[in-house]
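Asks: I would like the atomic coordinates for the input below:
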Amino acid sequence: LSLLAGTTFAAPTFYGEIDVTADYLPEDNVGKNRDVVELNSNNSFIGIKGDEKLTDRLSALYQAELTFYTDDGQGGEGNDTFVPRNIFVGLKDEKLGALKVGKIDTPVKQLSAVVDTFNNYIDNKADVAGIFTGENRIDNVVVYEAPALAVGEGKLKATALLATGEASGVSKSNGGSKVAGRGLGDAWSASVVYDSKPVVLGLGYDKAIPSNFAGRGFVNASAPEVTGGVAGSAFAAANTIRAIGRVNLDGGLSLRALYQTSEVEGVAGNDAAAASIDDAQGWLIGAEYNLPNAKNWTVKGQYSQNTTEFTTAKADYEAQQIIVGADYAFSKQVKAYGYAGYLTLEQGSLETKQPVVGTGVEYKF
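Replies: Below you'll find the predicted structure:
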């Protein structure tokens, strides 16, 4: 506080993104046919951030982001117009690293953004968050980011998050989740990333981080053949190992992959259905290709799958998503895009299938 006293801060940076799609979802569930056309706000947000020099080595950091809904103006846990995203304040030392406190995405979640080429599509349900564990933003955390180390042509980066529940058990919050326990570090997340121009590799681990098991992706039906209750969908603390890799080849081709495995950590507040979950294993492969003779165009495709196994006689629950699409960049800030996807949910003899076709516009500022 004494360092900050008397300091005149520069104006913060105002930034954001507006991303809206029109999605066509044909449905065939429980013998009823009903086509749906939805306008979806896909992770639209606004934010302010700043990085102010205090001394030659020390800087003050701050950031506040809010999700907003451009389709109907409502969303979140309580249909709020604005929902908190990453919000923190911190200090950064050039030699010792950065320390942040607030509500922040876990290091494991941040790994998926490197490889998930359809991140936040279809009301944020067509990316890995729709069917995978590990996509979490946590309240009441302290995050340490170590200084990057030069290794070969790239840099090695390490991040650790310690969370305190300040509550009796895991629970959902507005735009995030709360962990169980009252001690700092009862739940934690960490990652190590090697980042270079030709290749990015990452490994992360969540310990007792609240997450959704047995997700159902972008299924829009109120009562599909494979429902959350049948599959055993559950919100519970998860121990997750995630590994990612991306290779950027000459000629505009990028190849991506992810593998992870999760187990339920027994803590207060877990959904009752979590007690019968043994583990969940997910993987993803994808590619993007920026056309060399038409630089404004990028074509891409992705397949992701997650299998949830149970300790009881319940059959495995399997979710599979395949999506292909194309982007047209008018500039670095504005792009139009289209896509087509197919989701399959299976458990024993039960099966739900759902295609989707959509188009949208994204504007970054």
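Asks: Average pLDDT for stretch 320-328, rounded please.
Replies: Mean pLDDT, computed over stretch 320-328, is 96.
Asks: Just the buried residues of that stretch, please?
Replies: Buried residues in stretch 320-328, counted by 16 or more other C-beta atoms under 10 Å: Gln320, Gln321, Ile323, Gly325, Ala326, Asp327. Any C-beta I mention is one placed from the backbone N, CA and C, and that applies to glycine too.
Asks: So what touches that stretch?
Replies: 118, 121, 126, 130-131, 217-218, 296-305, 335-344, 346 (C-beta atoms under 8 Å, 6 or more residues apart in numbering).
Asks: Strands of the stretch 251-365 of the chain, start to end?
Replies: For the stretch 251-365 of the chain, applying DSSP state E, counting those that start in this stretch gives strands covering 253-264, 277-290, 297-310, 317-329, 334-347, 350-364.
Asks: Now tabulate these in a markdown table and tack on distance to Ile18.
Replies: Output for the strands of the stretch 251-365 of the chain, formatted as a markdown table (distance: least, C-beta to C-beta, whole Å):
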| stretch | distance to Ile18 |
| --- | --- |
| strand 253-264 | 25 |
| strand 277-290 | 22 |
| strand 297-310 | 20 |
| strand 317-329 | 16 |
| strand 334-347 | 10 |
| strand 350-364 | 5 |
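Asks: returning to that earlier point: taking the contacts of stretch 320-328, please make a PyMOL selection of just the buried ones.
Replies: Burial among the contacts of stretch 320-328 is assessed by 16+ other C-beta under 10 Å; the matching PyMOL selection reads:
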select buried, resi 118+121+126+130+131+217+218+298+300+301+302+304+305+335+337+339+341+343+344+346
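Asks: how about the helices of the stretch 101-250 of the chain, start to end?
Replies: Taking DSSP state H, counting those that start in this stretch, the helices of the stretch 101-250 of the chain run over residues 107-112, 121-124, 228-231.
Asks: Quick check: which of those helices is nearest to Gly358?
Replies: Closest approach to Gly358 among the helices of the stretch 101-250 of the chain is made by helix 121-124 (6.4 Å; C-beta to C-beta).
Asks: packing partners for that closest one?
Replies: strand 13-25, strand 36-41, strand 350-364 (3 or more C-beta pairs under 8 Å, 6 or more residues apart in numbering; DSSP states H and E).
Asks: ok now it, how far from the chain's centre?
Replies: Taking C-alpha atoms, centre = their mean, to the nearest Å, one finds the center of helix 121-124 at 11 Å from the center of the full chain.
Asks: which residues touch it?
Replies: Counting by C-beta under 8 Å, 6+ apart, 21, 23, 38, 40-43, 127, 130, 218, 323, 339, 341, 356, 358 sit against helix 121-124.
Asks: I'd like to know which of these is nearest to Gln63.
Replies: For the contacts of helix 121-124, the minimum distance to Gln63 (C-beta to C-beta) is 16.2 Å, reached by Asn43.
Asks: before we move on, which element is the closest one in?
Replies: Asn43 is part of no helix or strand when elements are defined by DSSP states H and E.
Asks: now it: how far from Leu66?
Replies: Applying C-beta to C-beta, to the nearest Å, the value for Asn43 to Leu66 is 12 Å.
Asks: so what pLDDT did the residue nearest to Pro107 when sequence neighbours are not counted get?
Replies: Closest residue to Pro107 apart from its sequence neighbours, by C-beta to C-beta, 6 or more residues apart in numbering: Ser191 at 3.6 Å. Listed pLDDT for Ser191 reads 98.
Asks: I'd say Ser191 and Ala113 touch.
Replies: No. The pair Ser191 and Ala113 does not pass the contact test of C-beta atoms under 8 Å, sitting 11.7 Å apart.
Asks: more crowded one of these two?
Replies: The neighbour count for Ser191 versus Ala113, taken as other C-beta atoms under 10 Å, is higher for Ser191 (22 against 14).
Asks: Show me what that one bridges to in the sheet.
Replies: Beta-bridge pairing for Ser191 (DSSP bridges): Thr159, Gly204.
Asks: Tell me who's in contact with it.
Replies: By C-beta under 8 Å, 6+ apart, Ser191 lies in contact with Pro107, Val108, Gln110, Leu111, Ala158, Thr159, Gly202, Leu203, Gly204, Tyr205.
Asks: Having no further points to raise, I will conclude here.
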